[in-house]
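Participant: what follows is a predicted structure for the sequence shown.
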Amino acid sequence: MLRCRWIAALSLLGTAALAEPGIMLLPAIGTPKGITLTGRVLKDVPTHGSSTLSKNLRRLAASGWEGAPLTLKLAALEGKTTSGHDGDFSVRLEPKDAPLELGPSTAEAHAQGIATAVAQVEIQDPAAPFFVVSDFDDTLSVTEVVKREKLLESALLKDESTQPAVPGMAALFRCIKKLGAHPPSFALVSGSPIQYGPRIGAFLAKNGFPFLGLYLREINPDTLENYKQPVIRVLMKDLPNDVVFFGDSGEHDPEVYAQMRAEFGKRVVRTYIRDAGHSENKQRFEGDVFFHETKEAAFDAAAHKIADPTCVKQEFGESPK
């Protein structure tokens, strides 16, 4: 039923709603040894639309540009590729001489005669104790995925300005970012469609989250399930640091992260799962920190050297009993 409603909604959108070609370059995290840049070349970049519904429909209906020649740049590095059948692209940039500079930087994507795009990236310090992998829906934003009508409403009738954030999560992530002299980086690995990249980025900035690299789903028959694990495996291969996971109980985060613990063992420092429904079976959360309020996760993180204790106390007050 939900899928039929999505199709019906998309069928209301005509090509006149679309505008000029463009590039969507996603924010990313990497190491001094290299970084992978991903995104999409679009035949028509959606216009803002006369309503939130039309804006979201235009985002979802934007078609990819196959065969566009691309040049990706970061500092002195440059790589070339051609966009795939959905307009998607992925380029690995690795320095041969001096390593990439730690911290934030700006990457560029150029498609000659088509468009240019820029995106923030962050080079993770190899000395950082861990990096963070987080889900989005019902972990950082209130989406209510377990309620199908609410999910549809969130996807089509909300945007970066009206989508509510999970209370306290931005503060917790800021406290994690303040941990020690070698702060961790953040990667958002989500089933949200790649077309929502700009919307998600704007939501994170509006709600005060620290920078997160975005690793979103290309919606096709191959990504109906088990789409997070390959992304996390690549991040674990590229980044030498341990990892901390954040997710929720609404869908499959507990099972995905349990699989990652089985594969990567002690490199998984801690797993936090927010109660977002479907939480009757407590066996799903064995090995996780299962929390109802963000404050619970924050003080646990402070106690386990995952978040700065002073920051947590300032943001959340006294520890819960």
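Facilitator: Noted; the coordinates are in hand. Numbering: from 1, shown residues only.
Participant: okay, CA-based contacts and neighbour counts for the rest of this
Facilitator: Fine.
Participant: show me the beta-bridge partners of the residue nearest the centre of the chain.
Facilitator: The centroid of the chain falls nearest to L188 when counting by C-alpha atoms, centre = their mean (2.5 Å). Applying DSSP bridges to L188 yields these beta-bridge partners: S134, L214.
Participant: next up, the contacts around it.
Facilitator: Contacts for L188 (C-alpha atoms under 8 Å, 6 or more residues apart in numbering) come out as V133, S134, D135, F136, L212, G213, L214, Y215, L216.
Participant: need those residues in a markdown table (columns: distance to L53, neighbour count and pLDDT).
Facilitator: Below are these laid out as a markdown table (distance: C-alpha to C-alpha, whole Å; neighbours: other C-alpha atoms under 10 Å; pLDDT from 0 to 100):
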| residue | distance to L53 | neighbour count | pLDDT |
| --- | --- | --- | --- |
| V133 | 30 | 23 | 98 |
| S134 | 27 | 23 | 98 |
| D135 | 24 | 22 | 98 |
| F136 | 20 | 23 | 97 |
| L212 | 26 | 23 | 98 |
| G213 | 26 | 21 | 98 |
| L214 | 23 | 26 | 98 |
| Y215 | 24 | 26 | 97 |
| L216 | 21 | 24 | 95 |
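Participant: want to throw those into TSV with distance to G84?
Facilitator: Putting those into TSV (distance: C-alpha to C-alpha, whole Å) gives the following:
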residue	distance to G84
V133	27
S134	27
D135	26
F136	26
L212	25
G213	22
L214	19
Y215	17
L216	16
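Participant: the domain parsing of this structure - what is it?
Facilitator: Using automatic domain parsing, the domains assigned to the chain come out as 2-120, 130-316.
Participant: show me where the stretch 101-250 of the chain has strands.
Facilitator: Secondary structure of the stretch 101-250 of the chain (DSSP state E, counting those that start in this stretch): strands at 103-111, 115-123, 130-134, 186-193, 213-217, 242-248.
Participant: which of the ones you listed sits closest to F316?
Facilitator: Comparing these by their distance to F316 (C-alpha to C-alpha), the top pick is strand 242-248, with 18.4 Å.
Participant: ok now the next helix or strand after that closest one, how far from the chain's centre?
Facilitator: Going down the chain from strand 242-248, the next helix or strand is helix 253-264, by DSSP states H and E. Distance of helix 253-264 from the chain centroid (C-alpha atoms, centre = their mean, to the nearest Å) equals 18 Å.
Participant: which other residues reach helix 253-264?
Facilitator: 135, 226, 228-229, 245, 247-248, 267-268, 271, 273, 284-285, 287-288.
Participant: ditto for stretch 294-303
Facilitator: Identification of contacts with stretch 294-303 by C-alpha under 8 Å, 6+ apart yields 167-169, 172, 272, 274, 289, 291, 307-309, 312, 316, 319-320.
Participant: ok, of these, which one's closest to P129?
Facilitator: Using C-alpha to C-alpha, the contacts of stretch 294-303 come closest to P129 at A307, 11.2 Å.
Participant: low-confidence ranges in the stretch 151-300 of the chain?
Facilitator: 151, 220-225 (pLDDT under 70).
Participant: can you pull out the helices in it?
Facilitator: Secondary structure of the stretch 151-300 of the chain (DSSP state H, counting those that start in this stretch): helices at 169-177, 197-206, 228-238, 253-264, 294-303.
Participant: and the ones you listed, which is most packed in?
Facilitator: Among the helices of the stretch 151-300 of the chain, ranked by average contacts under mean count of other C-alpha atoms under 10 Å, first place goes to helix 169-177 (a mean of 23).
Participant: ok, and what's touching it?
Facilitator: Contacts of helix 169-177 (C-alpha under 8 Å, 6+ apart): 139-140, 183-185, 207-210, 294, 298, 306-309, 311-312, 315.
Participant: if any of those residues are buried, put those into a ChimeraX selection.
Facilitator: The ChimeraX selection below is limited to those of the contacts of helix 169-177 classed as buried (16 or more other C-alpha atoms under 10 Å):
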select :139,140,183,184,185,207,209,210,294,298,306,307,308,309,311,312,315
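Participant: helix/strand/coil for V312?
Facilitator: What DSSP: H, G, I helix; E, B strand; the rest coil gives for V312 is helix.
Participant: tell me the contacts of it?
Facilitator: By C-alpha under 8 Å, 6+ apart, the contact set of V312 is L172, C175, A298, F299, A302.
Participant: let's see that with 10 Å instead.
Facilitator: Neighbouring residues of V312 by C-alpha atoms under 10 Å, 6 or more residues apart in numbering: 171-176, 295, 298-302, 318-319.
Participant: cool, E251 as well?
Facilitator: Counted by C-alpha under 10 Å, 6+ apart, E251 has contacts D137, D138, V145, V146, A276, G277, H278, S279.
Participant: buried among those residues? Need that as a selection in ChimeraX.
Facilitator: Of the contacts of E251, the buried ones can be selected in ChimeraX as follows, counting by 16+ other C-alpha under 10 Å:
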select :137,138,145,276,279
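Participant: who does the closest residue to I219 other than its chain neighbours bridge with?
Facilitator: Using C-alpha to C-alpha, 6 or more residues apart in numbering and skipping the chain neighbours, the partner closest in space to I219 is P193 (6.2 Å). Beta-bridge pairing of P193 under DSSP bridges involves R217.
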